[in-house]
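Peer 1: prediction below, plus the sequence it came from.
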Amino acid sequence: MLTAPLPDPPTASPRRLRAARALWRALSGRSTRFAAGVRQAWRRSLQVRVVTITLVASSLLVGGFAYLIADKITNILLENAETDVRMRLSNGSEYAAKQFNLYSQPQEAQLQDTIDGTVNYLAGGDPAQTSGVVVAITADNFAEFIEPRVSPDVPVRPVIGDELRATVASGKVAHQIRTGTLGGDRTKYLVYGSPVPTRFGQVELYYLVPLARQDATAADARATVVATGVALVLLLGLLAALVTRLVVTPVRVAARTAQRLSAGLLDQRMVVSGEDDLALLAASFNQMATNLQRQILRLEEMSRLQRRFTSDVSHELRTPLTTVRMAADLIFAERDEFDPAVARSAELLQAELDRFEELLTDLLEISRFDAGFAVLDSEPTDLVPVVHRVVERLAGLAERVGVTIELDLPDAPVIAEVDPRRVERVLRNLVGNAVEHGEAKPVRVTLGVDQSAVAITVRDHGVGLKPGEEKLVFNRFWRADPSRARQTGGTGLGLSISVEDARLHGGWLEAWGAPGQGAQFRLTLPARAGDRLTTSPLRLVPADAALPFGGPRDGGLLAIGPGSGAGALAVGPADDSARMEVGP
Amino acid sequence: MNVPRRLLAVLLAGVLLPAGCGIPAQTDVQVDGSVPAGEAGSLNGPPASPPAPTDSDEPVPFIENYLKAAAAGERDQAYTRAQKFLAPEARELLPGKPQTSEVELTVVRLRAKESTPPNNQGTSRVTIKVQQVGVLRADGTLGPPGATETEYVFQLRRAEPAGTGLLITSLPNVLLTTDTALRQYYRTRTVYFWNSDLTRLVPDLRYLPSSVSAERRVTEVVKWLAGGPSDWLESGVTGLPDGTRPINNATGADSQWEVNLTMPGANEGRLARLGTQLAWSLPELTGQLELKIQNQKRLSVDLERERDTHLAYPRGANPTRFSVYDGVIHPLAIGTEQRAVVPLPAAENRNVVSATLARAEDQVLAALVVTGADRRLRLKVGTGPEPVAVFNTSDPKAGFQTMSRPTWLRSLATDHPAGLVAADGKLYRFDGTATLSPVPLNVSGSVVAVAASLDGHRIALVSGGAVYVAPVSVEGGVVTLGQPRRLPTLLTGVTAVDWIAEDQLVIAGNDPDRRSAIHQLSIDGGLGSELKSGIGAAVTQLAGYPGGGGGGLPALSFMFETAGSAWRNNPFDLVTPEQVLDLPAGGRPANPTAPFFFY
């Protein structure tokens, strides 16, 4: 409750203004919240929608019918009153005409007495015992001879309207409802007027019948109709709520069950009660869940068998491979003693065995990931030495292919809770790929950090990636150009393992590339293990990358609009015809 | 309006229901039809044209016009009409009355008019000598005069600008009018009231302005009946129950009339009697008259049939003329009139001075004034079927010097006949046994003549040279007279009286010129007219027939005796001995005397 501020003329106005503003803000905030709540309830609850629609539609309908009924009752009451008064008026007019027919001059002395007597007679004789009906006789045409008479004696002039007087004076029987005060309370009157023909002209007879009883009856009827209508509407609303509840509750149960199912609780089932449609739904749902569960379990089993097979094969291969390796090492060590062709074969054997081992290692790593056995061994690590170590290790290869590796590292240590072995493997993979595909152009490794994340980008200027290949590069055994000769013995699993490593950290590994512009890979990791990533400290698309359409014209604008793919944005030069500028 | 829009309107109306329907506080004027205009025109025929002040600029005619003005029209505006003759400064001398029911006209009979010629200031003075006739009241009755002035003085001046007539500057502060104006602007009407036995209707005389339309006459008659009888008649008749009053005007036309009344204790008998009263009080109307009590239709009266089936009072038989010839009653043969035989045995028909014969149903009532051997007068009464056989004579020891012609009160039951006679200046009642008993009478002078009306409830008598009327009520065979009312007449020394119509008397006396004359006089003295003047000697006997123009006699027929001979009217002529029937052969010649009608 607000209390009025004490009167303080010099400062009252601004204070009041501030108070008003605060109040307005509070109100608007509350109403906005309320509106938002209503909107949310509307959007979320089928029950609210159904009940609201039922209430609105039924109240309109019931209201309409209630209006018609109340109107009809009022009209009937009015018609009855009118018929009654018209009959009385007609009789009264006839009687008055008979009475006045004895006079041929308005100034005849007995005429006034006769008018008095007639008015009293028509009003029921006894002025004290009045039924509220007022009878008046006026003679507008003979005002100088005949005084108007009213029984009971009340001032009726304000209630008889001028328009009615004029109409009656012109020889017409007419009526009107007017509100006025005649003696007692303010009441609605049905005013009926009729000319009374006489030998000397015309006088006017008026009946003023109070409509208090009809008004009260109409009000009663109206109240009853309204009460009935409200009750009916509420009942309908309640009914709608109940019916909707009957339907919605099983649907909600089904939704919850489905959620649990999708969360992996495959043994969740709905309760089937009765034999109705909802029971059928529950039964079907349960059946679907059972089938899904069976299918999923079968697929899981198959997948598990496959992974087990891969792991087993890798392990099983390792033992003979070790033996082969030892033999090959022996042969390789003795190769100088063989003729050159055999020596060359020994070298080849040695190289392929290296690759084979690497492949087996990677396969085992992958199968560990697949089996979910990969464990993160996080510790606070300074990433700068990690980067240096990777670059040093690949310096030989880089030198061999003529690639210079540029480093863009912060001066301060970049500490993050990561598994250094895995991060190093990822970086080695990325830098190795960049050197390998760098086409003798420099490779740039950048380390960025912000409050919540660290990021490392590796940029090369090789052939780049075709559109769509940014995702494919992380597939197992994917090659951009299968015909292209492999310079280094990549297994085709490096990026897949890197992605799994990044994912194990809760981080991202993304690729960007454009044909002829090279490619850039970005590894983003949370600074603290277990945090969620929202942004990356470094851009995925390098600053020197050309825009796909060749860049904006000088001084031109960029148009951003919906792209061809779902959820994609198209960026291009703006049409002069349809330009829209974004203001500062 | 297409359907969706109408639906929308209905739905919107539903939302606005509490404000939308109900009886509106105000609506437009709606016309239900029209009413044809009324028939214009006057009902009254030529309306009364009151004399205007400008009609005369001579003082005496001006005053005469002034005296007419009050009567020339309806009572309500009498003061207004009279005040037109007054100078503005004199108007307060004649203030009006707040209620129209209080407006009373003082009716005078002009005896002489004098005026002084205008003096230098243009003022003149008119003196009128008058006889007070009565006061015309709101209920149409002419009451006895309230004032005693015999002279009124008016002062007049010229109106301004000069040449536009005269104006009254000084005048008596009563609303004066004259009997001639009354005759000119009013019509007499007779209404009927039941006697106290509720067996007969008693006429009561009223005055109604002639400008009142036929339709309104019904209303006026109903008002009069509701208002009760004239004051003087009140003791002899029965009015309507107290509280009876008409509700608005009686309405109708042609042969359909409607009277609405408030009547406490209205029952079948009272309504039937009221119907008879109305039928007789409205003799010119025919057709149906609906009697409503408090708007409830209670009785429908066929006026003509009602008059046929319920006589106001027995009219007796057709009148025949008789006279006394040489002490014996003989029928007269006048023209082609019906002739009769004397319904008395010849033995009783002797020494008759005067006689009255009356029919009551199948009986004949005979009352004879006979001369005894001692030359004194006695009354001989016989009743019974014709011819009357049984006669009784009044106390033989008591004779009278003078005795008027007796009269029968016809209202009495036939087994208790009663009559009145004036003897030796006193009024006596007699019955079938001729027993005379004096009737106390509160009038001065000696009673010389008495006559009962045909209805038997009113008598006229002459006492001390003046005419009186009095109601007679009969209760248990006892005759009681109400307070007699003296009638103003120009005649002095009245000697004889009889009824000549329901409400008219014929009287004989001396006119202002001291000559014997016979006048007709209404029963309230308001209207008098001369029937015969220049009669050589005093009229000693006077007999009229009050039954109107029926039965072969012209209306207003009367016969009289003067100077020992009998006369008749229509036309005026001497009743000659040749017209006397059944004369015995060889009788000595004589004149017929004491003529009378037998009815």
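Peer 2: Good, I have the coordinates.
Peer 1: where do the helices sit along chain A?
Peer 2: For chain A, applying DSSP state H gives helices covering A:9-44, A:46-100, A:109-122, A:162-169, A:212-262, A:277-333, A:340-371, A:383-401, A:420-436, A:469-472, A:494-505.
Peer 1: in TSV: these, plus mean neighbour count and mean pLDDT.
Peer 2: The way it works is simple: take the backbone N, C-alpha and C, and place the C-beta from them, glycine included. As requested, the helices of chain A are exported to TSV (neighbours: other C-beta atoms under 10 Å in any protein chain shown; pLDDT from 0 to 100):
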stretch	mean neighbour count	mean pLDDT
helix A:9-44	10	86
helix A:46-100	18	89
helix A:109-122	20	84
helix A:162-169	18	88
helix A:212-262	15	88
helix A:277-333	13	87
helix A:340-371	15	86
helix A:383-401	16	90
helix A:420-436	22	90
helix A:469-472	14	86
helix A:494-505	21	90
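Peer 1: with distance to residue A:449 added, can I get the ones you listed in JSON lines?
Peer 2: Listed next are the helices of chain A as JSON lines, based on distance: least, C-beta to C-beta, whole Å:
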{"stretch": "helix A:9-44", "distance to residue A:449": "39"}
{"stretch": "helix A:46-100", "distance to residue A:449": "49"}
{"stretch": "helix A:109-122", "distance to residue A:449": "108"}
{"stretch": "helix A:162-169", "distance to residue A:449": "92"}
{"stretch": "helix A:212-262", "distance to residue A:449": "37"}
{"stretch": "helix A:277-333", "distance to residue A:449": "37"}
{"stretch": "helix A:340-371", "distance to residue A:449": "27"}
{"stretch": "helix A:383-401", "distance to residue A:449": "8"}
{"stretch": "helix A:420-436", "distance to residue A:449": "14"}
{"stretch": "helix A:469-472", "distance to residue A:449": "24"}
{"stretch": "helix A:494-505", "distance to residue A:449": "15"}
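Peer 1: pull out the buried positions in stretch B:342-352.
Peer 2: Neighbour-count burial for stretch B:342-352, counted by 16 or more other C-beta atoms under 10 Å in any protein chain shown, picks out B:342, B:343, B:344, B:348, B:349, B:351, B:352.
Peer 1: what two of the residues you listed are the furthest from one another?
Peer 2: B:343 and B:351 (17.9 Å; C-beta to C-beta).
Peer 1: about what we covered before: sitting in strands, which of the buried residues of stretch B:342-352 do you find?
Peer 2: Among these, DSSP state E puts residue B:352 in strands.
Peer 1: what sits against residue A:538?
Peer 2: By C-beta atoms under 8 Å, 6 or more residues apart in numbering or on different chains, the contact list for residue A:538 reads A:446, A:448, A:455, A:456, A:457, A:522, A:524.
Peer 1: any figure for the gap between the last one and residue A:455?
Peer 2: This points to residue A:524. Per C-beta to C-beta, to the nearest Å, residue A:524 is found 4 Å from residue A:455.
Peer 1: pretty sure residue B:130 sits against residue B:147.
Peer 2: No: if you go by C-beta atoms under 8 Å, residue B:130 and residue B:147 don't touch, sitting 9.5 Å apart.
Peer 1: more neighbours: which of these two?
Peer 2: residue B:130 (23 against 14; other C-beta atoms under 10 Å in any protein chain shown).
Peer 1: sec struct for the closest residue to the more buried one other than its chain neighbours, please.
Peer 2: Spatial nearest neighbour of residue B:130, chain neighbours left out: residue B:108 (3.8 Å); criterion: C-beta to C-beta, 6 or more residues apart in numbering or on different chains. Residue B:108 falls in the strand class when you classify it by DSSP: H, G, I helix; E, B strand; the rest coil.
Peer 1: do the same with the one 10 residues further on
Peer 2: Under the three-state scheme (three-state DSSP), residue B:118 adopts coil.
Peer 1: and the gap between the residue in the stretch 451-599 of chain B positioned nearest to chain A and residue B:177?
Peer 2: Proximity of the stretch 451-599 of chain B to chain A (C-beta to the nearest C-beta) peaks at residue B:526, 22.6 Å away. Look at residue B:526 and residue B:177: by C-beta to C-beta, they are 11 Å apart.
Peer 1: give the residues shared as contacts by these two.
Peer 2: B:107, B:136.
Peer 1: what sits against the residue nearest to the spatial centre of chain B?
Peer 2: Residue closest to the average C-alpha location in chain B (C-alpha atoms, centre = their mean): residue B:205, at 3.1 Å. Contact partners of residue B:205, counting by C-beta under 8 Å, 6+ apart, are B:141, B:142, B:188, B:189, B:190, B:230, B:503, B:522, B:523, B:524.
Peer 1: okay, and the fourth one sits in which element?
Peer 2: Taking DSSP states H and E as the definition, one finds residue B:189 inside strand B:186-195.
Peer 1: next SSE downstream of that strand?
Peer 2: By DSSP H and E, the next helix or strand past strand B:186-195 is strand B:201-209.
Peer 1: okay, residue A:5: pLDDT?
Peer 2: Per-residue confidence (pLDDT) for residue A:5: 46.
Peer 1: one step back: of the helices of chain A, which is nearest residue A:189?
Peer 2: Residue A:189 sits nearest to helix A:212-262 of all these, at 9.3 Å, using C-beta to C-beta.
Peer 1: hmm, the closest one touching chain B?
Peer 2: Yes: interface with chain B: helix A:212-262 contributes A:214, A:215, A:218, A:219, A:222, A:225, A:226, A:229 (C-beta under 8 Å from any C-beta of the partner chain).
Peer 1: who are the packing partners of that helix?
Peer 2: Judged by 3 or more C-beta pairs under 8 Å, 6 or more residues apart in numbering or on different chains; DSSP states H and E, the packing partners of helix A:212-262 are helix A:46-100, strand A:186-198, helix A:277-333, helix B:17-20.
Peer 1: repeat that with 7 Å
Peer 2: Counting contacts by 3 or more C-beta pairs under 7 Å, 6 or more residues apart in numbering or on different chains; DSSP states H and E, helix A:212-262 is packed against helix A:46-100, helix A:277-333.
Peer 1: quick one: the last one to chain centroid distance?
Peer 2: By that I understand helix A:277-333. 43 Å (C-alpha atoms, centre = their mean, to the nearest Å).
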